[in-house]
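Colleague: With the sequence up front, the predicted model follows.
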Amino acid sequence: AALKEECCFYADHTGLVRDSMAKLRERLNQRQKLFESTQGWFEGLFNRSPWFTTLISTIMGPLIVLLMILLFGPCILNRLVQFVKDRISVVQALVLTQQYHQLKPIEYEP
């Protein structure tokens, strides 16, 4: 059916199958060349060197984590230090006020 021939069995004595396969290979090569010509340099880089894809995927995770730590680390550390300072000042105030006794309010009679 693909060769536009109908039969129950087929022996290629005429070379029809061989010619059709050659045309098919030629069209596949043309499509591959067309596909490669439309690819960008970035996609072509990954297709030409598969080790580069493995290297990038291995390194990108730790690099992103390091970048996030460098980006948000100082802010988080600053908030944490400020929180601890606030808690320490509250504890200091409680320790200082425990030594004093509260006086009864004096009521004035007019």
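Modeller: Noted; the coordinates are in hand. Computed from a predicted structure; not experimentally measured.
Colleague: Quick check: which element contains the spatially most central residue of the chain?
Modeller: The centroid of the chain falls nearest to Gly61 when counting by CA atoms, centre = their mean (7.2 Å). Here Gly61 sits within helix 50-98, counting by DSSP states H and E.
Colleague: what mean pLDDT would you report for that helix?
Modeller: Averaging pLDDT along helix 50-98 gives 92.
Colleague: count of neighbours near Val17?
Modeller: 14 (other CB atoms under 10 Å). (Glycine included, C-beta is placed from N, CA and C.)
Colleague: ditto for Glu109
Modeller: 3.
Colleague: got a list of what it touches?
Modeller: Residues near Glu109 by CB atoms under 8 Å, 6 or more residues apart in numbering: none.
Colleague: Any idea how far apart the tips of stretch 34-49 sit?
Modeller: Stretch 34-49 has an end-to-end distance of 20 Å (CA to CA, to the nearest Å).
Colleague: Now the phi/psi pair for Gln102, please.
Modeller: In terms of degrees, to the nearest 10, the main-chain angles of Gln102 are phi -80, psi 130.
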